[in-house]
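Trainee: let me see the structure of the following:
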Amino acid sequence: MDAEQIALAVIGGTGLYRLAGLDAVETHQPPTKYGALSGPVRLGTLAGRRVAFLARHGEGHSVPPHLVNYRANLAALQALGARRVLALNTVGGIGARFGPRVLACPDQLIDYTWGRVSTFCEEPGSEVLHVDFGDPYTPALRAEILAAAHAAGVAMVDGGCYAATQGPRLETRAEIARLRRDGCDLVGMTGMPEAGLARELGLEYACVAIVANWAAGCGDEEEITFQQVLDNVAAASTALPALLDALLARP
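Mentor: All right, here's what the predicted structure looks like:
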């Protein structure tokens, strides 16, 4: 497949199992040496451009965050011709600007995960890669996303630090208090190793974080329910079609 045919690959998180408006859809599930993908890659047309979509947790939300095959997902998207990846991550809000239903484009992250395969340098004979990860999200792609949001009239917070935790359980109040002390604004379970692996592959990669709830101890909720998460993701996601149209309209 011609790499120029794919303008953007979108990886959907919790509550985002389809890409609205994607037309003329083809289904691909290429084999990779890293194993099976989370699910099929849906490749179609959006805003006149070729776009690939992959549901990170599977289209039935069957794959927990610590078992996502991040390497296979990214390797498959690259093999299909993707060079730019927009990660949609469902998160909890910690900082005051990051309440439920907010969209944010973080610029930093801290990895608190453990036990996940976090590099393509695992196999014997693999090249040892010491990639620069000072800016974990590609600055140029972040700038394009923010410009597209402005053009489309979509409210989006510029910046913030994403804390990647192990999951699948949510965090304790004490854990969130620690994340706040560490300077984190958002908390999710899938930001790493995905971002680091994308850098190893040389892919442009940026995140749009969809705030589904206040993190533990940050709001008035006594308990965070999965239905509450889904409802807030659905409400915030109504802005995504306009954002994607504006992003794809950029040269």
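Trainee: for Ala151, grab the count of nearby residues.
Mentor: Ala151 has 15 neighbouring residues, counting by other Cβ atoms under 10 Å. For glycine as for every other residue, the C-beta is placed from the backbone atoms N, C-alpha and C.
Trainee: name the helix or strand for it, please.
Mentor: Secondary structure from DSSP states H and E places Ala151 in helix 139-152.
Trainee: flag every buried residue along that helix.
Mentor: Judged by neighbour count using 16 or more other Cβ atoms under 10 Å, the buried positions of helix 139-152 are 141-142, 144-146, 148-149, 152.
Trainee: can you check stretch 120-131 too?
Mentor: By 16+ other Cβ under 10 Å, the buried positions in stretch 120-131 come out as Phe120.
Trainee: if we can go back for a sec, who's in contact with the helix holding Ala151?
Mentor: 84, 86, 103, 105, 107, 154-156, 158, 204-206, 208, 239, 242-243, 245-247, 249-250 (Cβ atoms under 8 Å, 6 or more residues apart in numbering).
Trainee: among the residues you listed, which ones are buried?
Mentor: Among the contacts of helix 139-152, those scoring as buried are 84, 86, 103, 105, 107, 154, 156, 204-206, 208, 239, 243, 245-247 (criterion: 16+ other Cβ under 10 Å).
Trainee: quick check: the farthest pair among those?
Mentor: Across these, the longest distance by Cβ to Cβ is 23.7 Å; it joins Asp107 and Asp245.
Trainee: need the contact list for Arg71.
Mentor: Residues in contact with Arg71 (Cβ under 8 Å, 6+ apart) are 32, 34-35, 117, 120, 197.
Trainee: repeat that for 6 Å
Mentor: Each residue near Arg71 by Cβ atoms under 6 Å, 6 or more residues apart in numbering is listed here: 34, 197.
Trainee: quick check: it is in a strand.
Mentor: No. Membership of Arg71 in a strand is not supported by DSSP: H, G, I helix; E, B strand; the rest coil, which gives helix.
Trainee: where's it relative to Ala104, distance?
Mentor: Remark: distance between Arg71 and Ala104 (Cβ to Cβ, to the nearest Å) = 26 Å.
Trainee: next: Phe98.
Mentor: For Phe98 relative to Ala104 (Cβ to Cβ), the value is 6 Å.
Trainee: which residues of the stretch 1-150 of the chain fall in strands?
Mentor: Residue ranges of the strands in the stretch 1-150 of the chain, as given by DSSP state E, counting those that start in this stretch, are 8-12, 23-28, 41-46, 49-55, 84-93, 103-105, 108-111.
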